[in-house]
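Student: Here is my input; please provide its structure:
(chains A and B)
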Amino acid sequence: MKLAVVVQRYGADVNGGAELHARYVAERLAAHAEVRVLATCARDYVTWKNEFPAGADVVNGVPVERFPVARERDPIEFDRRSRQVFHDVHSLQDELQWLDSEGPTSPDLIARLTRDPQEFDFVVLFCLRYYQAFHGARAVPGRAVLVPTAERDPALGLSMFHSVCRGVRAIMYNSFEERALINAVSGNEDVPGVVVGVGSAIPTEVEPGRARQKFGLQNPFIIYVGRIDANKGCSELFDFFLQYVEASPRPIDLVLIGNPVLRIPSHPRIRHLGYVTDQDKFDAIAGAEALIMPSYYESLSMVALEAWALGRPVVANAHCDVLLGQCIRSNAGLYYENAAEFAGALDTLLGNAALGQALGRNGRAYFDQHYAWPVIERKYLDMFDRLTSQPPAHSMEPLPGWLARRRRILPPAAEVLSAIPSGPAVDRPRREAHA
Amino acid sequence: MDQNQQSRRGHYNRGRRGPDRRGPDRRTPAPQAQEQGGRDHVDVEHIMRDIRARIAQRHGIDLSNQQIQELAARRLEAILDPRAIKPGLLDELRKSAGAPPPAPDPAEASELTYTFEDRTLYESHRGLMRFMRRLLNPILKLFFNPNPLIHALNTQARWNAEAVTREADRVRRQTEWNALHYELVHRMVTEVSRVTLELQSLSSLVESLSAKVDFNERRVRSMEGSLHQPRPSHAPSPSPRSPERERGPERERAPERERGPEPATAPMAAGAPAGETAAAAEAPAEGQTSDSSRRRRRRRRGRRGGGAPGENAPGSSQQAAQPGSVSDMNSEAGGDEGPDDEPEQDEREVVEVPPVAEVAIEAAAPPDAAPAVVEPHVPEPAPPALPAPGEREPEA
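Tutor: Numbers count the residues shown, from 1 in each chain, chains lettered A, B, ... in the order given. Here you go, the predicted model:
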């Protein structure tokens, strides 16, 4: 079986969530099929500047082909078009122009896919909202397996994506919430889909003491791993944590790992370790009392899965449907909606080590059951087998004509999304489990 | 962090020794303690509900204003006796409180506030008639003097106008007072409701803290007592406990044991947590209440009266009963391991030491909650105990 993995950026040092997801999947599937990665030459997801050389490469044993980005992103234009399609009545042409302005616009990559239609059995396309996934899916709809990595983001309300979700051969969802969201917004229940997610490269041995010693972490600590950004809920996390330490006598520190985009409050209880190696990251997570996930929007928090894989509980933002659903389904994490609940959850966890360990055990079992690599690989291979044995039951809807595309009749994407019900999708998995 | 985690866990592990030690009624694991498919059955939704309930309880005033208003309204209606008070009065008062002062009826006002001047008697809308009356007025005055009449009516008219103004002022002031009174009463009732909620919250807190203090005092006494006792050369090993002993028939034999020395009974009881209310509540139901509770009371009196444990008379039943228990006490820091002559004490042991698998229940209970509050729900924990917090991972 020959597979193409199409993603916007690819490299051993590219650590974006979806990109890492794509790399892990490509490397794992390479053991079962002939995998080739098609990506752009961009390294920076904001500018899409061509930084990798175009052409063939090999990353961790997987062949990679990179194609240049035709034009870098113009942030002003992108912002203007985003406002237009998210908040105003607009046309399909506006949406297509928005997609071009978002990037990474790489017609060569799409041409590569269509050059030899029989070359790949399946094309696994990552990140629905980007150029390569949209145009790639439309270029090879009969072989397109989409990994949308979608979150509750206004872009999902754009109508051009709905036809893609209805037209691809299959969709590999990251979470039940993502599936419910995409089903609701695009009405694609008949498209074969499975909730897969992604595993992680968990080291066989972690040494919490090593991280404590290396970084001088003497007090018990909770940890946040990821970009330190207001968009990730970090400013709220700082507020809640500072309120907590002022009111609580517990000697607890907040340890941050990741690059700061937001100013980190100067407080003796907040420790920023910056960018650390994977081993240090896992050591630190293993030594933490809990991992904090303050983000409002996540398609699948890999770091939460890593914490669970290491047997540590998670305290998540309950406003994020995916995280809330994961916590409830796994019984491995607590969640909060406000400062009082944040403090209550921390108090409960810190005051009861047994609870933390039980949650951690649940997390580990949940990870092993759903996100261990053999499970992930099996789900992908089963889906490929299924698609191979069954002819396509549907086709991609063609784009409307020149005039119809320019008719301003599409509702604002934010409105479309706000009409979709939210909340954790806990009933469906339970029903499926019982069935 | 719970500073007693390690000692409590050790205590618990010892308490688990022997398969039938606690009797069949405590063996049945509660759902929270079960493991299913390698996963601890911890219900995070339940834990979060408890956390939210605890937050609401701790901050009774965190009830929304709307909720407190509703509560206050219900209380106000409950205070007002419908037999003595007109049913619609409260509604009327509530309505009038928010309404502006009523404007005087214009028809009535104009009727009262007429003007009466010296020419009013001769006024007419017909000009000729008005002229003729003024012309003949000197002739009229030959018959009677109209001036006093005019004066009186003029004064009356002035008084009427003043009365109307006064009445309007009075109504306005009354309306304002009504609104003020209603607002004051309403706020008072709201405040009383809020304070009542706080009081309830604080009462439970005080109850919880006092239980905790009581438990700590007992534990300290027990530890001190055990430390002051000499270690005997041959410690009689506590007899293994059979399940039958824990049940009803065994309890009937309690008076016999009471007559003889009670090995390690006092420290054990002293080490028990303040779950006595729960234990005492259970005891009468067993039908052997009087003896065991009398015995417990006697032990309590002994401990309280004895002050420091060292003051216990050598050779007393408490001291004589403890050979060999010192090391146990030292090792467990709780001293509540010993011959199990009282099932209630075992139950208290469970309360005192939250088993690892009972995390949901532990989480449900506030950190400072008295164990006695939690005790009735405590299931038999799963056998594999988790390591103590310090053992969870090697520290640097």
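Student: Name the SS class of whichever residue of the stretch 151-300 of chain B sits closest to chain A, please.
Tutor: Closest residue of the stretch 151-300 of chain B to chain A, CB to the nearest CB: residue B:212 (13.8 Å). Placement of C-beta: from N, CA and C, glycine included. Judged by DSSP: H, G, I helix; E, B strand; the rest coil, the three-state class of residue B:212 is helix.
Student: what does the stretch 201-350 of chain A have sitting close to chain B?
Tutor: A:207-210, A:212-213, A:220, A:250, A:286-287, A:327-328, A:331-335, A:340-341, A:344-345, A:347-348, A:350 (CB under 8 Å from any CB of the partner chain).
Student: Please pick the buried ones from those.
Tutor: Neighbour counting by 16 or more other CB atoms under 10 Å in any protein chain shown classes A:207-210, A:212, A:220, A:286-287, A:327-328, A:331-335, A:340-341, A:344-345, A:347-348, A:350 among those as buried.
Student: Restricted to helices, list the residues you listed.
Tutor: A:208-210, A:212, A:286-287, A:327-328, A:340-341, A:344-345, A:347-348, A:350 (DSSP state H).
Student: Can you give me the distance of the residue nearest to residue A:233 when sequence neighbours are not counted to chain B?
Tutor: Of all residues not flanking residue A:233 in the chain, residue A:294 sits nearest, at 3.3 Å (CB to CB, 6 or more residues apart in numbering or on different chains). According to CB to the nearest CB, to the nearest Å, residue A:294 stands 17 Å off from chain B.
Student: What of residue A:120?
Tutor: For residue A:120 relative to chain B (CB to the nearest CB), the value is 38 Å.
Student: Run a quick neighbour tally on that residue.
Tutor: 22 (other CB atoms under 10 Å in any protein chain shown).
Student: From the chain's centroid, how far away is stretch A:11-21?
Tutor: Taking CA atoms, centre = their mean, to the nearest Å, one finds the center of stretch A:11-21 at 11 Å from the center of the full chain.
Student: Look up the pLDDT of residue 385 for me, please.
Tutor: Since you didn't name a chain, this refers to chain A. Residue A:385 is assigned 94 on the pLDDT scale.
Student: Hmm, no, I was thinking of chain B.
Tutor: For residue B:385, pLDDT reads 37.
Student: With the one 5 residues further on instead?
Tutor: Residue-level confidence at residue B:390 comes out at 36, pLDDT.
Student: is it true that the residue nearest to residue A:233 touches residue A:231?
Tutor: No: Residue A:294 is not in contact with residue A:231 according to CB atoms under 8 Å; the separation is 10.5 Å.
Student: Quick check: the residue of the stretch 151-300 of chain B closest to chain A vs residue A:144, distance?
Tutor: 63 Å (CB to CB, to the nearest Å).
Student: Looking at these two, which one has more neighbours?
Tutor: Legend: neighbour count by other CB under 10 Å for residue B:212 and residue A:144, higher for residue A:144 (25 against 17).
Student: May I have the beta-bridge partners of that one?
Tutor: According to DSSP bridges, the residues that bridge with residue A:144 are residue A:123.
Student: who touches residue A:63 in this structure?
Tutor: Counting by CB atoms under 8 Å, 6 or more residues apart in numbering or on different chains, residue A:63 makes contact with A:35, A:36, A:37, A:56, A:57.
Student: Name the strands paired with the helix or strand where it lies and say parallel or antiparallel.
Tutor: Assigned by DSSP states H and E, residue A:63 belongs to strand A:62-67. Applying DSSP bridges to the sheet, strand A:62-67 is found paired with strand A:34-40 (parallel), strand A:55-59 (antiparallel).
Student: Would you tell me which one of those strands is buried the most?
Tutor: Burial among the strands paired with strand A:62-67, expressed as mean neighbours by mean count of other CB atoms under 10 Å in any protein chain shown, is greatest for strand A:34-40, which shows a mean of 24.
Student: I would like the residues contacting it, please.
Tutor: A:1-10, A:22, A:26, A:29, A:48, A:50, A:52, A:59, A:62-69, A:104, A:106, A:109, A:112-113, A:120, A:132.
Student: any idea how far residue A:228 lies from residue A:339?
Tutor: 19 Å.
Student: so residue A:185 touches residue A:157, yeah?
Tutor: Yes: shown here, residue A:185 and residue A:157 form a contact pair, counting by CB under 8 Å, at 6.7 Å.
Student: Next, show the common contact partners of the two.
Tutor: What both residue A:185 and residue A:157 touch, as defined by CB under 8 Å, 6+ apart, is the set A:416, A:417.
Student: what about residue 110, helix or strand, and which?
Tutor: As the question left the chain open, I've gone with chain A. helix A:107-115.
Student: my bad, the chain I had in mind was chain B
Tutor: With DSSP H and E as criterion, residue B:110 is part of helix B:106-112.
Student: packing partners for that helix?
Tutor: helix B:147-228 (3 or more CB pairs under 8 Å, 6 or more residues apart in numbering or on different chains; DSSP states H and E).
Student: Give me the helices and strands touching the helix it packs on, please.
Tutor: Packed against helix B:147-228 by the contact rule (3+ CB pairs under 8 Å, 6+ apart) you find helix B:44-58, helix B:65-79, helix B:87-98, helix B:106-112, helix B:265-271, helix B:325-332, helix B:371-374.
Student: I'd like the mean pLDDT over it, please.
Tutor: Helix B:147-228 comes out at a mean pLDDT of 85.
Student: likewise stretch A:239-248?
Tutor: Mean pLDDT, computed over stretch A:239-248, is 89.
Student: roughly how far is it from the heart of the chain?
Tutor: 30 Å.
Student: ok, residues contacting whichever strand or helix holds residue A:138?
Tutor: Assigned by DSSP H and E, residue A:138 falls within helix A:131-139. Surrounding helix A:131-139, the residues in contact under the criterion CB under 8 Å, 6+ apart are A:6-8, A:38-40, A:99-100, A:102-106, A:109-110, A:113-114, A:123, A:125-128, A:144, A:146, A:148, A:160-161, A:164, A:167-168, A:396, A:399.
Student: Please pick the buried ones from these.
Tutor: A:6-8, A:38-40, A:99-100, A:102-106, A:109-110, A:113, A:123, A:125-128, A:144, A:146, A:148, A:160-161, A:164, A:167-168, A:396.
Student: Tell me which stretches of chain A form strands.
Tutor: Counting by DSSP state E, chain A has strands at residues A:2-6, A:34-40, A:55-59, A:62-67, A:122-126, A:144-147, A:170-173, A:193-195, A:221-225, A:253-257, A:270-274, A:290-293, A:314-317, A:333-336.
Student: So for residue A:290, what pLDDT did the model give?
Tutor: Turning to residue A:290, the model gives it a pLDDT of 94.
Student: so how many other residues sit close to it?
Tutor: Neighbours of residue A:290 using other CB under 10 Å come to 26.
Student: Of all pairs in the ones in helices among the buried ones among the residues of the stretch 201-350 of chain A next to chain B, which one is the farthest apart?
Tutor: The span of these, defined through CB to CB, is set by A:210 and A:340 at 35.5 Å.
Student: Identify the residues contacting the closest residue in space to residue A:21 that isn't next to it in sequence.
Tutor: Counting by CB to CB, 6+ apart, residue A:21 lies nearest to residue A:198, which is 4.6 Å off, once chain neighbours are set aside. Contacts for residue A:198 (CB under 8 Å, 6+ apart) come out as A:21, A:24, A:25, A:174, A:300, A:302, A:305, A:371, A:376.
Student: what's the burial count for the fifth one?
Tutor: Just to be clear, that refers to residue A:300. 24.
Student: wait, doesn't it sit right on residue A:176?
Tutor: No: Residue A:300 is beyond contact range of residue A:176, at 10.6 Å (criterion: CB under 8 Å).
Student: for residue A:229, phi and psi?
Tutor: phi -140, psi 150 (degrees, to the nearest 10).
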